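Undergrad: Here is a sequence with its predicted model. Questions after.
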Amino acid sequence: EEQGGAPRLTASPDDIEPSHLSHFIVAYLPFNSVTEKAEINHVLFEIYSFFDWLNKKNIPHGLAGTNISQLVKQLCTKQERCLKLSQLLDNESGRILKDPPEIQNTLNDTFSVEKIEGSFVSLKGRRHDDIVRLRLPPDALPLIKLNDCLDLILGDTSEKWVVLEAGQVYPQVGK
C-alpha cells in the first residue's frame, strides 16, 4: 500500500498470528532493539498494552481468545534455547565457509523442522515444497525441536545440504 509516496506493508489485526509474536519476542527483540533486560520488559509491557487496548475497543484480532501473558511467558522460556541454537548454526556455517564446497544450488528460506532422525533434520521451507534433509552438528541436536523455525541459506553440494548462513531461530506456536 502506498502512503505518502512510500510503500508500506499493512495488514488487518485479524492477520496477527502466534508465530508473528514468537518471531518478534524470541528472534528479533534480543538482537535488534534492546541492550538490557529492562528494555525487553518495557517492550513486552507495550505488547500486553496493545492487545489489551484491542480487546477493550472490541477490535477483532488474530490472537483473540489467546492468553497473551501465557503466550509471552512460554516464548520467553524458549528464548535462550533458540538463541543458543542460532549461534551453533552460525558456527556451523562459519566452519563450512572456511573451506567452501562446490555449491550446485542454494535455498534461502525460513524452514520448519518436520522430523528429527539421529543427526539429521527434515526441513520444509515456506516457499519451497521439497523437504530438505540436513545433518546438524552434535551440539545442536539436543536444542532443536519439532516445528522450530530456522531462517537459513542452505547450499546443495549434490551430495548433501550444508548451512551457508544461519539467521534467526524461533519456536512455532499455535493458538
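TA: That came through fine.
Undergrad: CA only for contacts and neighbour counts going forward, please
TA: Will do.
Undergrad: can you give me the strands for the protein?
TA: 2-3, 6-7, 105-117, 120-125, 131-135, 148-156, 161-171 (DSSP state E).
Undergrad: which one of those strands lies closest to Ser22?
TA: Among these, strand 161-171 comes nearest to Ser22, with 6.3 Å by CA to CA.
Undergrad: Could you tell me which residues within that closest one count as buried?
TA: Neighbour-count burial for strand 161-171 flags Trp161, Val162, Val163, Leu164, Glu165, Ala166, Gln168, Val169, Tyr170, Pro171 (criterion: 16 or more other CA atoms under 10 Å).
Undergrad: Name whatever forms a beta bridge with the residue nearest to Gly167 when sequence neighbours are not counted.
TA: The shortest distance from Gly167 to any non-neighbouring residue, by CA to CA, 6 or more residues apart in numbering, is to Asp151 (4.8 Å). Legend: beta-bridge partners of Asp151 under DSSP bridges are Thr110.
Undergrad: So Asp151 sits against Val113, correct?
TA: No - if you go by CA atoms under 8 Å, Asp151 and Val113 don't touch, sitting 11.1 Å apart.
Undergrad: who has more neighbours, those two?
TA: More crowded of Asp151 and Val113, by other CA atoms under 10 Å: Val113, with 23 against 19.
Undergrad: Show me the shaky parts of the protein.
TA: Along the chain, the model assigns pLDDT under 70 to residues 1-9, 30-37, 174-175.
Undergrad: which residues does Leu152 contact?
TA: By CA atoms under 8 Å, 6 or more residues apart in numbering, Leu152 lies in contact with Leu107, Asn108, Asp109, Thr110, Phe111, Val163, Leu164, Glu165, Ala166, Gly167, Gln168.
Undergrad: Please determine how far it is located from Asp52.
TA: In this view, Leu152 and Asp52 are 34 Å apart by CA to CA, to the nearest Å.
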